[in-house]
Structures are given as structure tokens and as C-alpha cells.
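J.: dropping a prediction and its sequence here:
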Amino acid sequence: MATGSVSTEKQMLELTVSGLAFRGHGIARTSDGQVVFLPYAVPGDVVRAHIVESRGDYLRGAIEQIEMASADRVTPPCRHFGRCGGCQWLHLSDEAQRYWKAEILRDQLARLGGFRDVPLGPLVRPTDGLGYRNRAQLQVREVEGRYQFGFFAPASHRVVPVGTCPLLHPMLNEILEALARQHTPPLAKLVPAVQEAWLLASPRSNQSLLTLVGRQAERASLRHLFFTLRERVPHLAGLVFMGAEKTARSQVGRSEPAPRFLDRFGDGHLTMQAGGYRFRVDASSFFQPSESAAEALIQLVLEMAALDGSERVVDLYCGVGTFTVPLAERAESVVGVEGNPRAVRDAEFNIKAAGLVENGRILRMPVSRALETRALGDEANIVVVDPPRLGLERAVLEGIVALQPRRIIYVSCDPSTLARDLKRLVQHGYELRRVRPLDLFPQTYHIESVSLLERSLIG
């Protein structure tokens, strides 16, 4: 089949799906071996697909009809699946999801990092496949005087309204249902120009938090809304309002903006519980998708750190101190670095509440600046790093190497940038010892992992 300038409008092919690619699309090949990426395809499917785009070395297709369904294809338990971009693998069996996440991570490390014999441990899934998300960010649109809450459609800024979501914990769905009820006055008039709704819950503390992001709101209106919602959702601990005009990303990265705090009723934070620790988490601070997810990561980080009490540890992009606190309990000293001021306040509170101020401290500054100015000193025994999805800037990576840690523990939320960074660290004299994949976001293509590198002994 020709590629490049050839029209793809009427190309229809029968294809057998052989695998899954990073970002979740199915992989098939034409009769002459050209790769075709197919959204919502399952390995083992035989499909009729039309080609929507030719990119020279690969094609993009769309399924017209499933001629023979894979044994790993299941019925999605959501009527919005395929239109809503909140998840991509709700049609894939749990067993297949776990298998392919490990295989995709292995493939990315091999192709992009050059690691042909990857020391990959068993995949960890700490939660059930549904109802696990304790945190969500929903888009808000006004239609005919009423708010609709939902997620962006795939590759679009069009909002698909959802009444509830099967991935969300029931506590979050209760807030959504309360927001969707008829209000007097209507919610869109009570609090106009809302753009986003952030939901956060701690099932273990039986607390939830609602953050609305918009342009402006009257304090009396927010007060009325908070107490109205509290009558319907008793576990709602607070309502926070953020100004939407500021969109800078938080230091802990991911996709959450950090708008300006404007007002609140009730609490502006929750207490999350993970690994036997309690963490105060502000409305604008990052936390893992569930308390069980945070617990699994803490366990892996501590296991790979193998502390004996004599270590000096640096925790980069430390957020609210999810790793800093348990590390400080076991090491001689721990310094966490975080640039989000509200997360820094949480981290400092969490260290103090755990009685670890003699062992742990937090630097409020960007990681790159902390390394550049040598605010962390000249050496560290262990560096824990949990960077944003874009991975480590070259200056950050070189700054880590300059600290001469004997161990580096890399917590990653993106296999491609992980592979790139591990390759660079190996070039700086480190050996990749272990990689543990985690499925913290079932029903999506997202793959987390924790990797251990150790400094090579030379001479």
C-alpha cells in the first residue's frame, strides 16, 4: 500500500490486531507489513477498518466492524465509553490489561532505552478495576442554564457529560449526583462561570473535598452551596473556590493547574491515610489516585531504599511528603524539595505531625534551582525522584549524578521518558537493578513504575 500523499478516504482493510502500543491503541499490520494503529482495538480482534490518516511509516485507522472479537474483549460497564476520553481500556479484560501494561513498559525500555534484558518484576495492582479513583478533575459546561459535569472527548476539548463514572469511588459519585440535582437558585446562577470541578476523597478518613475553578463567586453563594451539599453529602468536609485566571502548573507536575485560591467553606484540605501514615493534602496539592496506590508506592520505595538508619536521602518533587515522611522515619536525614507552596506547607505539617522534624526538612524551590545552587549539599546516599510526566530535565539529571548517590529510586508515570532518563543515568555510571510496574489507573493506558539504579563499582 502506498503511503504519504496517497488518499486514505476510501481505504478499507481487514486486519488482525496483534498487540497494544503505548497510549493504548491496538497494533495491526497491512498485507505488506505497514503498521496500523487502531483506537479501541483488542489483541486477537479481526476487524474491518478504514484508514483515516497516513503518516508515511504508519497508518491510523478506525474500526468499522468487528468481524471476530478477541477472547480478551469485554462489554464496557459504561454507556459513555468511546465518546468520553476518561478511559481507554474499559473494553479490555483485567488480565489482559495487566499483561499488556508490563509488556508495553518492557518494550519502551528496550526500544528507547536499549535495555534488552529488563529486570522487570511482577506488576502491582493495589486496587480493584472499578470504583478506585479517590481524585478526579472534571470539566464543567453550561447548557441551557444548567451545568454539565464530564470529561473531554478523545483528542478534543469537547466535554462529554457524565452522570456518574464507574472508575470513581462512590464518595466522588455522590458529590457529582448532588451537584447534578435541581438547586434553588440553579447552580449556574448561584456560582456562575465555573470551568472545572476537582473531587478528592479519603475513604479511610471518610472525608471529601470539592474544589470549583472559575472566575469569581460571591461568598454568600458559596456558603449556601456548601451547606446545601453538606445536607446531601455528609462526608463533604470543605468547598474551595479557585480563580481560573492563573494556569501555571504545580511543581509536582502531572496535568493539574494551580489556580489562585479565592475562598473556602469548611476545610481546605483532607487527611489521606497510606502505609500507616497520615498526610494532610491541600485542594491544590497532588496526591496519588487512591490511598492504596500511595501505599503501594511507599512500600516499593522503602523496599528499594533498604535503609539501615545511616543514610542521607534527598526526595525530589516530594509533593506533600508521601515518601519524605516514611523515609525520615528510617534514615539519618531526609531533605524533600518541592516548588508548589501549598504542597510545601502540607509536607512541613506532615513531617511535624509525624514527629520527624529532627530527621526531615523541606526546601521550597524548584528542583532545578535546588540542584544548581547546591542547596542540598554536595553528596547524598540515596536520591528518590518522582518527576512530572516529561521526566528529568538534563540539568536536573546531571545535578542528581553530581550528588553521587549510591542508589537512585525513580518513580515514573511515563514509560517513554523513563526509558530516556534511565539510559542517560546508565551512561553516567549507574546500573539498572530492578523495575516494578504498577497499574494505578486500571481501565486506562497509564503505566507507573518504580526503578532502582545503583552506582557501578569501578576499579
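T.: Noted; the coordinates are in hand.
J.: now the element after the helix or strand encompassing residue 230, going C-ward?
T.: According to DSSP states H and E, residue 230 maps onto helix 219-232. Sequence order places strand 236-243 as the next helix or strand after helix 219-232, per DSSP H and E.
J.: in the longest strand belonging to the chain, which residues are buried?
T.: When the chain is parsed with DSSP state E, its longest strand is strand 58-68. Within strand 58-68, the residues scored as buried using 16 or more other CB atoms under 10 Å are 59, 60, 61, 63, 66. C-betas here are computed from N, CA, C, even on glycine.
J.: returning to what we had before: need the contact partners of the helix holding residue 230.
T.: 174-175, 178-179, 181, 183, 187, 190-191, 210, 236, 238-239, 241, 263-266 (CB atoms under 8 Å, 6 or more residues apart in numbering).
J.: of these, which belong to helices?
T.: Of the positions in the contacts of helix 219-232, 174, 175, 178, 179, 187, 190 sit in helices, assigned by DSSP state H.
J.: closest to residue 456 among these?
T.: For these, the closest approach to residue 456 (CB to CB) belongs to residue 175, at 50.9 Å.
J.: mind checking the longest helix of the protein?
T.: helix 94-113.
J.: any buried residues in that helix, and which?
T.: With burial defined by 16+ other CB under 10 Å, the residues of helix 94-113 counted as buried are 94, 96-109, 112-113.
J.: quick one, domains of the chain?
T.: 12-68, 103-126+290-455, 135-273 (automatic domain parsing).
J.: mind listing the helices for the stretch 201-350 of the chain?
T.: 219-232, 291-305, 324-328, 341-353 (DSSP state H, counting those that start in this stretch).
J.: list the neighbouring strands of the worst-scoring helix or strand of the chain on mean pLDDT plus their orientation.
T.: Least confident helix or strand, the chain: strand 260-266 with a mean of 90, by mean pLDDT, DSSP states H and E. Strand 260-266 sits in its sheet next to strand 236-243 (antiparallel), going by DSSP bridges.
J.: and the strand it pairs with, how far from the chain's centre?
T.: Relative to its chain's centre, strand 236-243 lies at 22 Å (CA atoms, centre = their mean, to the nearest Å).
J.: what angle do it and helix 219-232 make?
T.: 150 degrees (axes from the mean of the first three to the mean of the last three CA atoms, to 10 degrees).
J.: so which bits of strand 236-243 are buried?
T.: 236, 237, 238, 239, 240, 241, 242.
J.: re the thing from before, in terms of secondary structure, what does the longest helix of the chain contact?
T.: Counting contacts by 3 or more CB pairs under 8 Å, 6 or more residues apart in numbering; DSSP states H and E, helix 94-113 packs against strand 12-20, helix 415-427, strand 430-438.
J.: same question for the longest one, mean pLDDT?
T.: Taken as a whole, helix 415-427 has a mean pLDDT of 97.
J.: okay, buried residues for it please.
T.: 415, 416, 417, 418, 419, 420, 421, 422, 424, 425, 426.
J.: please identify which of those is nearest to residue 217.
T.: residue 417 (37.8 Å).
J.: who's in contact with the closest one?
T.: 387, 389, 390, 391, 392.
J.: who does residue 62 form a beta bridge with?
T.: residue 50.
J.: you'd agree it is up against residue 49?
T.: Yes: counting by CB atoms under 8 Å, residue 62 does reach residue 49; the two are 6.1 Å apart.
J.: who touches both of those two?
T.: Joint contacts of residue 62 and residue 49 (CB under 8 Å, 6+ apart) are residue 38.
J.: let's have the ones in helices among the contacts of helix 219-232 in CSV, adding neighbour count, pLDDT and distance to residue 337.
T.: Formatted as CSV, the ones in helices among the contacts of helix 219-232 follow (neighbours: other CB atoms under 10 Å; pLDDT from 0 to 100; distance: CB to CB, whole Å):
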residue, neighbour count, pLDDT, distance to residue 337
174, 21, 98, 37
175, 25, 98, 33
178, 17, 96, 39
179, 22, 95, 37
187, 23, 94, 40
190, 19, 93, 41
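J.: tabulate those residues (JSON lines), appending distance to residue 55.
T.: Formatted as JSON lines, those follow (distance: CB to CB, whole Å):
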{"residue": "174", "distance to residue 55": "44"}
{"residue": "175", "distance to residue 55": "42"}
{"residue": "178", "distance to residue 55": "45"}
{"residue": "179", "distance to residue 55": "41"}
{"residue": "187", "distance to residue 55": "44"}
{"residue": "190", "distance to residue 55": "48"}
